[in-house]
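[1] generate coordinates for the sequence data below:
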Amino acid sequence: MNVNREPALRLQGIVKTFPGVRALDGVDFEVMPGEVHALLGENGAGKSTLMKVLAGMYQPDEGQIIIAGQKVRMTTPIEAKAQGVILIHQELSLVPEMSAAENIYLGELPRKSLGRVDWKTLEARSNAILKRLRCNFRAEVTVANLSIANQQMVEIARALTVDARVVIFDEPTASLTDAEKVVLFDIINDLKAQGVGIVYISHRMDEIFTLSDRITVLRDGGYRGTLNTADTNEDEVTRLMIGRSLDLSRDEAAREFGKTMLDVRNLTCPGLFENVSFSVRAGEVVGFYGLVGAGRTEIAETLFGLRKPTSGEILVDGETVEIGSPRAAIAMGISLVPENRKEQGLVLQMNCRDNMTLPQVQDLTAGPFLSQGAELAIFDQYRDRLAIKTPSWRQSAGVLSGGNQQKIVIGKWLSMQPRVLIVDEPTRGIDVGSKSEIHQLLRELAAQGYAVIVISSEMPEVLRVSDRIVAMYHGRIMREFSIDEVTEDSLVQAISGITSDTAA
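    Numbering: from 1, shown residues only. The predicted structure is shown next:
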């Protein structure tokens, strides 16, 4: 990279304030043509706010934006796009009722005479982009009928429709399979070779050190430094992000587990999972690990009453139960922190307090009215316990960072005092500091007697929090490991469908 060239973009002294929060405090940032510049920081550090300023979604209170040597002011995303700045959102911004093609060229559909949409050209261009992304679906399909991963690929396809100067990827791999990540990384390297500046935001350190040329760190809305990726390491970056080194050890005394709280026997949902049997004891964390489509989430949804099994048996605290709905699951002491917090875990327009207490509204009434004192007491308890960053309980959940949104969801279910807590992808989209806190919290909950199930796509996470690990492949349990006997190799073999006999 030739550092003497003019930056593709430069941000100087950017300040952005919201009521009660100084989100950005004089931040400087630049990206060179043909550079992948990673932007890191804890949730709430100001990363997304800075990128929304750059993408024309927010206007800075102070500071300058310079693109190709010229000061610019972008008051809308359309103006930013005209300047060659494209933001690929962490959270999908698609129109579900429209086709993939319409979403890819939203706002700039090709036209024929009299302003009519040129559908043939639209679909041809879109299918060419999807082919470049190695997608296995056509541009004509309605977005609502696509998986979350494929919807993310449609979001990424938007960046390939224009002659971009700068493309911002905000947690782009959160919903992608390993194969799709390889395609994405190839696309990023292609854009880099074409001289496009890439801003890459991710909490996954392996991706940062694989892709980036430089790393800039924000903390508490302020600029903390820029490092050459080749000259640094994870520990130095972490210290910049959270102000301390991260302790990833699991230093705790061995403990005795209590009685079996959940016993699943030969549970089957055709096409999703088959003859699944496992148990979880009080005080134990059982991790579920497998590739996308292995059936982990579907099992969790069945235990929470969202799916109905065709056969099998579920026992809670030794009693056979029928779980016909989430309400029934909650009454039996089963809670689920879902994989998709925005669509399944939160009411985004509702304030933090009301989200936290939503499952127990009936228990918090005083006559015909809700007891606001009781609600606030619950919110305050879990805000402090989970270190949720919000200026007030009145703040709507939709404007919180992803990590703080996840903490609201976890706090909501912890406040129900469940016997069995199921947590699906507990730290997806969460920074390393908050991730460590949630890992510690899950271990503490088990120590307090909860039976905990953790579903994760991250091997280090499932190895760190689990007492036992259930490895799944294509809807079947391949092996169970105690934490003392499991190895990374044996775990990878199991989730790939390789039995110990085959491996031998």
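
[2] Three-state assignment for the closest residue in space to Ile430 that isn't next to it in sequence, please.
    Take Ile430 and drop its neighbours on the chain: the residue closest to it by Cβ to Cβ, 6 or more residues apart in numbering is Gly403, 4.1 Å away. All C-beta atoms are positioned from the backbone trio N, CA, C, and that covers glycine. Under DSSP: H, G, I helix; E, B strand; the rest coil, the three-state class of Gly403 is helix.

[3] what of the one 3 residues further on?
    For Gln406, the secondary structure call by three-state DSSP comes out as helix.

[4] ok, back up a step: the residue nearest to Ile430 contacts Glu42, doesn't it?
    Yes: assessed by Cβ atoms under 8 Å, Gly403 is found in contact with Glu42 at 7.4 Å.

[5] higher neighbour count, those two?
    Between Gly403 and Glu42, counting by other Cβ atoms under 10 Å, Gly403 is the more crowded of the two (27 against 24).

[6] can you give me the offset of stretch 175-189 from its chain's centre?
    How far stretch 175-189 lies from its chain's middle: 16 Å, per Cα atoms, centre = their mean, to the nearest Å.

[7] quick one: buried residues of that stretch?
    When burial is assessed from 16 or more other Cβ atoms under 10 Å, stretch 175-189 yields the following buried residues: Ser175, Leu176, Glu180, Val183, Leu184, Phe185, Ile187, Ile188.

[8] where does pLDDT dip in the stretch 151-300 of the chain?
    The model of the stretch 151-300 of the chain has pLDDT under 70 over residues 244-254.

[9] helix or strand: which one has Phe278?
    Using DSSP states H and E, Phe278 maps to strand 273-281.

[10] how far off centre is the following helix or strand past that strand?
    Going down the chain from strand 273-281, the next helix or strand is strand 285-290, by DSSP H and E. Computed by Cα atoms, centre = their mean, the chain-centroid distance of strand 285-290 equals 18 Å.

[11] ok, strand 285-290: who's next to it in the sheet?
    If you go by DSSP bridges, strand 285-290 pairs up with strand 451-456 (parallel), strand 468-473 (parallel).

[12] next, format those strands as a markdown table and append distance to Gly324.
    Shown next, in a markdown table, are the strands paired with strand 285-290 (distance: least, Cβ to Cβ, whole Å):
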| stretch | distance to Gly324 |
| --- | --- |
| strand 451-456 | 20 |
| strand 468-473 | 25 |
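
[13] need the ones you listed in a markdown table (columns: mean pLDDT, mean neighbour count and distance to Val141).
    Formatted as a markdown table, the strands paired with strand 285-290 follow (pLDDT from 0 to 100; neighbours: other Cβ atoms under 10 Å; distance: least, Cβ to Cβ, whole Å):
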| stretch | mean pLDDT | mean neighbour count | distance to Val141 |
| --- | --- | --- | --- |
| strand 451-456 | 95 | 26 | 28 |
| strand 468-473 | 94 | 23 | 28 |
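
[14] for the buried residues of stretch 175-189, which one is nearest Arg134?
    Arg134 lies nearest to Val183 out of the buried residues of stretch 175-189, by Cβ to Cβ, at 4.9 Å.

[15] that closest one belongs to a helix, doesn't it?
    Yes: secondary structure of Val183 (three-state DSSP): part of a helix.

[16] skipping adjacent residues, who's closest to it in space?
    Arg134 (4.9 Å).

[17] do Gln83 as well
    Closest to Gln83 by Cβ to Cβ, 6+ apart is Ile67, at 5.4 Å.

[18] pLDDT value on the one you found, please?
    Looking at Ile67, its pLDDT stands at 90.

[19] repeat for the one 4 residues further on
    At Lys71, the pLDDT value in this model is 92.

[20] mind checking the SS state of the residue nearest to Val183?
    Under the three-state scheme (three-state DSSP), Arg134 adopts coil.

[21] what about it, how many residues close to it?
    By other Cβ under 10 Å, the residues close to Arg134 number 14.

[22] just to revisit the earlier point, can I get the strand holding Phe278 in PDB, CA atoms only?
    This file holds the C-alpha atoms of strand 273-281, laid out as PDB (Å, rounded to 0.1, in the frame of the first residue of the first chain):
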ATOM      1  CA  PHE A 273     -33.700 -33.600  13.500                       C
ATOM      2  CA  GLU A 274     -34.200 -37.200  14.300                       C
ATOM      3  CA  ASN A 275     -33.900 -39.400  17.500                       C
ATOM      4  CA  VAL A 276     -32.300 -36.700  19.500                       C
ATOM      5  CA  SER A 277     -31.500 -37.700  23.100                       C
ATOM      6  CA  PHE A 278     -29.600 -35.700  25.800                       C
ATOM      7  CA  SER A 279     -30.000 -34.400  29.300                       C
ATOM      8  CA  VAL A 280     -28.900 -31.300  31.300                       C
ATOM      9  CA  ARG A 281     -28.400 -31.300  35.000                       C
END
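
[23] pairing partners for that strand, with directions?
    Using DSSP bridges, the strands paired with strand 273-281 are strand 260-269 (antiparallel).

[24] output the partner strand as CSV, restricted to C-alpha atoms.
    The C-alpha coordinates for strand 260-269 follow below in CSV (Å, rounded to 0.1, in the frame of the first residue of the first chain):
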residue,chain,number,x,y,z
THR,A,260,-31.4,-33.8,35.9
MET,A,261,-33.6,-30.8,35.0
LEU,A,262,-34.2,-31.6,31.3
ASP,A,263,-34.2,-35.1,29.8
VAL,A,264,-34.9,-35.4,26.0
ARG,A,265,-35.5,-38.9,24.6
ASN,A,266,-35.6,-39.8,20.9
LEU,A,267,-37.1,-36.4,19.9
THR,A,268,-37.9,-36.2,16.2
CYS,A,269,-39.1,-33.4,13.8
